[in-house]
Structure formats: structure tokens, C-alpha cells
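S.K.: Fold the following for me, if possible:
(one chain, ligands or ions: 2)
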Amino acid sequence: MQASRHGSVTPPAPEQPATRLHATRLHASRLRVVRRVVRRLRHVELVGLIAVAAPMACGGSSDPCCVVDPPNAGPLAVTTVAGDFDTIWELAWGPDGALWVTERPGTISRVNPATGAVTRAGTLAVDEIGEGGLMGLAFHPDFATTPFVYAAHTYTAGSAVRNRVVRMRWNGASLGTPEVLLDDIPGSSVHNGARVVVGPDRLLYVTSGDASNTTLPQSRTSLAGKVLRLTLDGAPAPGNSLGGYVYTLGHRNPQGLAFAPGGALYSTEHGPSDNDEVNRIEQGRNYGWPTVRGRCDGDAGAGEQPFCVANNVAEPLAIWTPTIAPAGLAYYNATLIPGWRGSLLFTTLKGAALYRLQLAADGRSVTSEERLFAGTYGRLRAIAVGPDGSVYLGTSNRDGRGSPGAQDDRILRVRPQ
Ligand SMILES: [Ca+2]
Ligand SMILES: [Ca+2]
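M.R.: Numbers count the residues shown, from 1 in each chain. Ligands and ions are numbered 1, 2, ... in the order given. Presented below is the predicted three-dimensional model:
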């Protein structure tokens with residue numbers, strides 16, 4: 001069920017048949033949701049603020065995992081913190097109290113979250129080719145004493161498109177010369193990954209796409225179509241059970257990566273024309289691409305289920321068909337929006353919305369799904385949670401596939417009214 005800012009309610013996307021009991025519960029739940037949305041929209045008109053939480057069935061058209069979740073946050077206010085960026089790819093809360101932002105053409109900036117003032121930290125010589133360019137960014141866990149900033153970006157070697165991971169030293173005013181930690185990761189005009197996070201184990205996790213070559217994700221000797229794990233100095237992490245830098249394999253284009261406080265790792269991944277995924281990332285597991293799309297259910301052909309059995313394939317926690325192009329991912333553990341605690345939040349490009357997945361207590365399944373701000377801000381790529389629990393979103397309307405507005409690309413802040 002989707003509601004616009006102006007109060008019109010459009011029918012839900014087609015769904016697969018459900019059991020009668022399930023359908024009855026779903027129907028009753030949706031009626032309650034519609035009433036709540038209508039009440040919410042009336043309230044929004046009165047206060048003149050944007051507060052749309054549009055609930056929908058879980059898993060788009062094809063995932064029967066869970067039922068409609070009512071808006072769980074109360075009225076939200078969305079404000080523009082800063083604008084006039086070009087294709088925001090990453091938002092990362094810095095240890096210095098600034099919100100750091102990467103733009104795909106190669107700039108790294110710091111945003112004062114209180115004033116919106118933007119200062120340039122550095123510029124990387126990247127090759128912005130199609131979906132490639134400057135992408136993920138992360139910080140050394142001992143930033144006060146070891147002020148390294150890590151980033152992933154696209155470059156060219158002759159006619160070949162490649163990706164690499166670099167680190168730069170922050171001197172309090174600017175970033176130093178990039179030091180290459182890992183290069184020659186296959187790249188392409190599409191499917192480059194590349195999100196970068198530092199884990200609680202003080203290791204660097206980097207996603208890579210299949211670089212438009214479906215033979216690479218299942219090859220343990222290729223850096224493409226993987227979650228890679230490195231030391232903070234760029235060596236293969238000790239204990240990578242698949243060898244070298246490879247932590248997990250069989251990925252198509254994972255653009256989101258986030259740890260939960262207990263150490264569980266989650267990722268978003270773009271499917272082909274079907275089966276976008278959210279996965280729980282576990283060392284040594286095979287995530288199936290290209291033989292397996294989404295679950296081990298045979299929808300990608302007769303070879304899917306035998307491949308799953310033979311390769312211990314990890315099935316996604318949730319899937320979406322039609323696709324929504326999931327990107328930046330965050331785990332919400334703050335108290336500012338109590339109803340979101342214990343959720344995964346992720347942005348979508350094609351879906352042009354923020355998604356919230358409530359996780360089960362063990363973090364191994366999704367109990368409900370909520371879609372927010374659908375169509376309101378255009379393509380959304382980046383997400384970060386501030387120390388006070390505010391959620392920051394970065395738009396990607398200047399990436400060549402969007403319709404930029406006057407202030408795009410923008411950093412938006414979501415918090416309770
Ligand atoms: Ca998969
Ligand atoms: Ca499947």
C-alpha cells in the first residue's frame with residue numbers, strides 16, 4: 001500500500017497468492033494501516049511538515065516472509081542539511097563529529113551537521129565511468145591517534161576498468177596523498193560495489209561487484225563479486241577461510257554493508273531484473289550468483305537448487321521482485337526513533353525510498369518491512385545514523401538516471417517532529 005504526500009492512496013503492487021488466513025490477516029492489517037496513514041496525512045497537512053511512512057507488503061511482489069508493518073516511528077520531519085552535491089555515494093559519521101560525504105566524481109567533504117557548512121577535505125583522481133567513481137569511505141578505529149580515512153574508487157589501467165582501496169592521512173585540514181592498499185579489483189561501467197566498513201574485529205570489509213563478468217563471482221582467485229576482508233594496512237585478513245582477501249563469494253553487485261552491534265554483518269545486493277537481496281554475511285559462505293538468484297527456489301532454472309545444496313549457499317533474508325536497486329545500509333540501534341530500534345535501514349535508487357526491515361531477535365530473519373518517503377526525494381544512495389539517532393540520507397539524482405531538483409544532490413536529515 002502506498003500513500004502519496006497529498007493523501008491519495010494507490011493500490012498495492014501485485015502479489016503472489018497467499019493462504020486464506022494470511023490474506024485475511026493481511027487485509028485487516030492493511031485496513032488499519034490505511035486508517036493510520038489517512039490520520040497521519042491529515043496531521044501532516046496541519047503541521048505542514050513532511051511525514052510519510054508508506055507501509056507495504058514485505059518483499060515487494062514475491063516475498064511472503066512477513067506481514068504489513070504499520071508506520072512505527074510517529075511523525076517524522078525531514079530537512080535538507082546541505083545541497084548542491086554531485087551524486088552522493090557515501091555518508092559516514094566521522095570520529096571528528098562531522099558528517100563526511102563522498103561524491104562519485106572524486107570529492108570528499110565534511111559537513112557540519114548543525115550549520116550545514118561544507119568544507120572540502122580532499123579530491124581523489126578517480127575515473128567516473130558509468131556507475132564507477134569514488135564510492136565507499138570509512139575511518140580507522142583509532143582515528144584520534146591514527147587518522148586514516150579509507151576509500152574505494154574506480155580507475156583505469158590502459159583500457160581496463162579497475163577498482164582499488166586506498167587510505168589517506170587526515171591532518172585536521174586536508175587529506176594526504178592516497179596510499180594504495182588493494183588494487184586491480186575488476187571493474188566495469190556497472191557492478192563495481194564498493195562499500196567500505198571497519199568491523200568490530202578491526203578489519204576492513206569491502207564489497208566488490210561482478211564487473212559485468214558472471215564467471216568471476218564464483219572464482220576464488222578473482223577479487224570480483226565478493227566481500228573482501230583486509231587488515232587496516234591492506235594485507236589479506238588472517239583467517240579468511242576462502243583464501244587471500246576473499247571473505248564471501250557469489251555476489252552480483254553489493255552496494256550496502258553494515259554491522260549490527262553484536263557483530264553480525266549485513267549487505268544489500270542488486271539482483272538482475274529480479275531478486276534484489278538483503279543478506280546476512282557469514283565468512284566462507286557462497287551467495288549464489290550467477291546460478292542462484294534470490295532464494296534456492298528454482299526460479300532461476302533447474303540448476304539453482306542443486307547448486308545451493310552443493311555449495312552451502314546462503315539464502316537472502318529478503319528479496320524484491322520487481323527490483324528496487326538497494327544501496328546504502330545502516331543498522332539502527334539508537335533510541336531517538338524507538339520504533340526503529342533493531343532494524344536495518346537502507347536506501348534504494350530505482351525504488352526511490354527508504355526501507356526499514358525489522359529483524360528478529362536473533363538477527364537471522366526479517367519480521368516486517370516498511371517503506372518510507374517513496375518517490376519524494378528521488379534516488380537515494382547513501383545513509384548514515386548520527387550519534388543522536390538522526391538518520392541522514394544522500395540523494396543520487398545527478399548520477400545520470402535521475403531527475404535532479406534545484407538543490408540536488410542533497411543530504412537529508414530524518415528525525416521525529
Ligand atoms: Ca544471492
Ligand atoms: Ca531463486
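S.K.: So for the closest residue to Tyr287 other than its chain neighbours, what's the pLDDT?
M.R.: Among residues not flanking Tyr287 along the chain, Gly250 sits closest, at 4.1 Å (C-beta to C-beta, 6 or more residues apart in numbering). Quick note: C-beta positions are derived from backbone N, CA and C, even for glycine. On pLDDT, Gly250 comes in at 98.
S.K.: could you pull out the helices for the protein?
M.R.: Remark: helices assigned in the chain by DSSP state H are 20-47, 304-311.
S.K.: what's the least confident stretch among those?
M.R.: For the helices of the chain, mean pLDDT drops lowest on helix 20-47, to a mean of 36.
S.K.: Read off the pLDDT value for Gly74.
M.R.: Looking at Gly74, its pLDDT is 81.
S.K.: how close does it sit to ligand 2?
M.R.: Separation of Gly74 from ligand 2 (C-beta to the ion, to the nearest Å): 37 Å.
S.K.: For the spatially closest residue to that residue that is not a sequence neighbour, give me its contacts.
M.R.: Excluding the flanking residues, the one nearest Gly74 by C-beta to C-beta, 6+ apart is Pro416, at 5.9 Å. Applying C-beta atoms under 8 Å, 6 or more residues apart in numbering to Pro416 gives the contacts 73-77, 336-337.
S.K.: Kindly write the ChimeraX command that selects the buried subset of those.
M.R.: Entered in ChimeraX, the line below selects the buried ones among the contacts of Pro416, by 16 or more other C-beta atoms under 10 Å:
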select :73,75,76,336,337
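S.K.: Specify which member of the contacts of Pro416 is nearest to ligand 2.
M.R.: Closest approach between these and ligand 2, by C-beta to the ion: Ala73, at 32.2 Å.
S.K.: wouldn't the closest one be in contact with Trp340 here?
M.R.: Yes: under the criterion of C-beta atoms under 8 Å, Ala73 makes contact with Trp340 at 6.0 Å.
S.K.: ok, which pair from the contacts of Pro416 is furthest apart?
M.R.: Farthest pair in these (C-beta to C-beta) is Pro75 and Leu336. Separation: 13.4 Å.
S.K.: quick one: the residue nearest to Tyr287 from Gln218, how far?
M.R.: As judged by C-beta to C-beta, to the nearest Å, Gly250 and Gln218 stand 6 Å apart.
S.K.: between the two, which one's more packed in?
M.R.: Neighbours were counted for Gly250 and for Gln218 using other C-beta atoms under 10 Å; Gly250 has more, 23 against 18.
S.K.: The more buried one contacts Asn286, correct?
M.R.: Yes: counting by C-beta under 8 Å, Gly250 does reach Asn286; the two are 4.4 Å apart.
S.K.: Give me the common contacts of those two.
M.R.: With C-beta under 8 Å, 6+ apart as the test, Gly250 and Asn286 both reach 218, 311, 313.
S.K.: so which of the residues you listed are also by ligand 2?
M.R.: When the shared contacts of Gly250 and Asn286 are checked against ligand 2 using C-beta under 5 Å from the ion, none falls in range.
S.K.: Quick check, the residue in the stretch 101-250 of the chain closest to ligand 1?
M.R.: Distance from ligand 1 to each residue of the stretch 101-250 of the chain (C-beta to the ion) is smallest for Gly250, at 6.4 Å.
S.K.: Help me confirm that Arg413 comes into contact with Ala82.
M.R.: No: contact criterion C-beta under 8 Å: Arg413 and Ala82 do not qualify, at 9.7 Å.
S.K.: So these two - more neighbours on which side?
M.R.: More neighbours surround Ala82 than the other of Arg413 and Ala82, with 23 against 18 (other C-beta under 10 Å).
S.K.: before we move on, the earlier item: let me know the closest of the contacts of Pro416 to Leu393.
M.R.: Distances from Leu393 to the contacts of Pro416, taken as C-beta to C-beta, are shortest for Leu76 (11.6 Å).
S.K.: list the buried ones in stretch 89-109?
M.R.: Neighbour-count burial for stretch 89-109, counted by 16+ other C-beta under 10 Å, picks out 89-94, 98-109.
S.K.: Restricted to strands, list the residues you listed.
M.R.: 89-93, 99-103, 107-109 (DSSP state E).
S.K.: Please identify which pair of those residues lies farthest apart.
M.R.: Trp93 and Thr107 (18.1 Å).
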